[in-house]
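**Student:** Below are the sequence and a predicted model; questions follow.
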Amino acid sequence: MAIGVQTYNRGAYTQRDRLALSERMPRVSPLSARARTRIAMFVVAGMDLLALSALVVVLASGVSAWWVWAFPVASVVLLASCGHYEARIAPSVAHELRSLVACATAPLIVLALVRTTSIAFIVEAAVGAALAVPILHSLSYRAVRAMRSRGLLAERTLIVGAGQVGVTLSSTLERHPEYGLRPVGFLDDVDDEGLPLPLFGGVELLEMVLSEERIDRVVVAFGATREAEMLETIRACEDASVDIHVLPRFFELGVAVDGKDVDDVWGIPLVRLRRSLGSRCSRVAKRVVDVSLASLGLVLSAPVYGLLAVAVKVSSPGPVYFRQKRVGQHGVLVDVLKFRTMEVHDGTDVEWTAEGDHVTKVGRLMRRLSLDELPQLWSIIRGDMSLVGPRPERPFFVEHFKSQVPHYDARHRVPVGLTGLAQVRGLRGDTSIDERARFDNRYIESWSLWRDLVIIFLTVFAVLRDAMPFFSSGDEDATQSVVVNEVEDEQFDLQPEVVVTATRPRPPAKPWYPTGSEWDQVASAG
């Protein structure tokens, strides 16, 4: 008999439904299944550490140097960084074998290169690690599957999409408890007739249902709701402590890519959404890098910083700094600090590009070299900004862009940055807002610490490259500007009374990153 309701009023569905669900769900302790699974994976990490340490004890009996004991620790750290201790739906040693062996033995290769170590020890330890780690993981995965089958690690799972594929997935999960997912209901804009589980309502209720039903995992399957309508709702739930998986369309044709983010559930691929910046560890790591590099930048640039402050003060009347309210993470207003590059005047909050007669000679030079941005290092140390992230915009324009540019507001999920992926692609100044938002959201979805470092490097290269034409040609006007009064911008629907400064189209710029031939020139010059 079908169990379902048409609407979800903060958990107010029928007692019959609650009873049916309680019968389906195994009794568990107050400790959530998600927490119990994580504890189990911590135990696996401990077992790896003990096994590799035992290898050192057996094989390096005559070696007492500390660096020998760094091998098991480094191996476990590598295994963790590659995701081998994450709670996978369908863990498989056969699928992970190459990565397991590489992580377990890589520290030994480094050890052989930097230290005078017995070749026999290196070979024996590598063979032992290559055998021990996969065997331990195989036993651990078997134990996890056994506990899941008994309901000890069953995670409450919500299926978004009540179509045929979603219903098939729910029945598959119920027939195969070894995957550890216990479906509790659907979200979709359809009738509940014939559904095997409760229908809590439409996709817009996702955030509420996650809280009310204590959901551990979300699976996005096919349904009546369009993907464009689901996108913002799913992004709004990124701060929730749930894992989100997507069942890709046309998976029957092999569309789903194979990788560590894909789990095979009885022939149905589930792709785990990467939410790198959603984890606490990622945010802490990014913050540590921000504070360290911003502090180092302030120290190294102190002489130039002082000279610029004096130059701004003597170039024209007014303060050294220019402060402006910009929209930061989650829409919170932050103070953005810059060296003042213009004469003091009104209206900068409603001018799209402030150029023309107001810019001082010193200011034009600083803008060309991006030196006016140096004071934002203080904002990074305070925590208002990050080194890398979407560039902050003024509230006036944010309100217009949100209604005109798709997914523009989604870029405010992370702290705003001094530079970003859009900027190193040449999208700065009077360029497409649509393309900027696309690159900003792409950066957020695929964030990694390494990508941040690459963007910082490309930014430095871009600033140096952008400065060359200024000094070689002596042309101080990078763009020609024209002030338009009482203009209604068609693209962003600005009000007629707003004063907008627009720039004439510039010729296509060369990429802000070195091409292959340019890398060869740099290498030969060095």
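**Tutor:** Now that the structure is in, tell me what you want to look at. Numbering: from 1, shown residues only.
**Student:** Look up which helix or strand the residue nearest to residue 297 when sequence neighbours are not counted falls in, please.
**Tutor:** Nearest-residue entry for residue 297: residue 377, 5.3 Å, with adjacent residues in sequence omitted and distances by C-beta to C-beta, 6 or more residues apart in numbering. Yep, even glycine has a C-beta here, placed from its N, CA and C like the rest. Using DSSP states H and E, residue 377 falls within helix 376-382.
**Student:** Go through that helix and flag the buried ones.
**Tutor:** In terms of neighbour count (16 or more other C-beta atoms under 10 Å), helix 376-382 has its buried residues at 376, 377, 379, 380, 381.
**Student:** so what's the second one up against?
**Tutor:** To tie it back to what came earlier, the one meant is residue 377. Taking C-beta atoms under 8 Å, 6 or more residues apart in numbering as the criterion, residue 377 is in contact with 294, 297, 298, 301, 418.
**Student:** Convert the helix holding residue 377 to PDB, retaining C-alpha atoms only.
**Tutor:** As requested, the backbone C-alpha atoms of helix 376-382 are provided in PDB (Å, rounded to 0.1, in the frame of the first residue of the first chain):
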ATOM      1  CA  GLN A 376      42.700  44.800   1.000                       C
ATOM      2  CA  LEU A 377      45.400  42.600   2.600                       C
ATOM      3  CA  TRP A 378      44.200  44.100   5.900                       C
ATOM      4  CA  SER A 379      40.600  43.100   5.000                       C
ATOM      5  CA  ILE A 380      41.900  39.500   4.400                       C
ATOM      6  CA  ILE A 381      43.600  39.400   7.800                       C
ATOM      7  CA  ARG A 382      40.500  40.700   9.500                       C
END
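**Student:** Show me how far it is from its chain's centre.
**Tutor:** With C-alpha atoms, centre = their mean, to the nearest Å as the basis, the distance from the averaged C-alpha position of helix 376-382 to the chain average is 21 Å.
**Student:** Please name the strands paired to the helix or strand following it in the sheet, noting orientation.
**Tutor:** Next in sequence after helix 376-382, counting helices and strands by DSSP H and E, comes strand 386-388. Using DSSP bridges, the neighbouring strands of strand 386-388 in the sheet come out as strand 417-419 (parallel).
**Student:** and the strand it pairs with, which residues are buried?
**Tutor:** For strand 417-419, the neighbour count (16+ other C-beta under 10 Å) marks 417, 418, 419 as buried.
**Student:** okay, how far is it across stretch 111-126, tip to tip?
**Tutor:** End-to-end distance for stretch 111-126, by C-alpha to C-alpha, to the nearest Å: 11 Å.
**Student:** now do stretch 80-92
**Tutor:** Per C-alpha to C-alpha, stretch 80-92 runs 16 Å from first to last residue.
**Student:** Got the domain ranges for the chain?
**Tutor:** 15-25+154-273, 33-149, 281-525 (automatic domain parsing).
**Student:** Mean pLDDT added to these, as a markdown table?
**Tutor:** Formatted as a markdown table, the entries for these read as follows, by pLDDT from 0 to 100:
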| stretch | mean pLDDT |
| --- | --- |
| domain 15-25+154-273 | 82 |
| domain 33-149 | 85 |
| domain 281-525 | 77 |
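**Student:** got the end-to-end distance for stretch 422-434?
**Tutor:** Start-to-end span of stretch 422-434 (C-alpha to C-alpha) is 11 Å.
**Student:** buried residues in it?
**Tutor:** Of all the residues in stretch 422-434, those buried under the rule 16+ other C-beta under 10 Å are 422, 423, 424, 425, 426, 427, 428, 430, 431, 433.
**Student:** Understood, closing this out.
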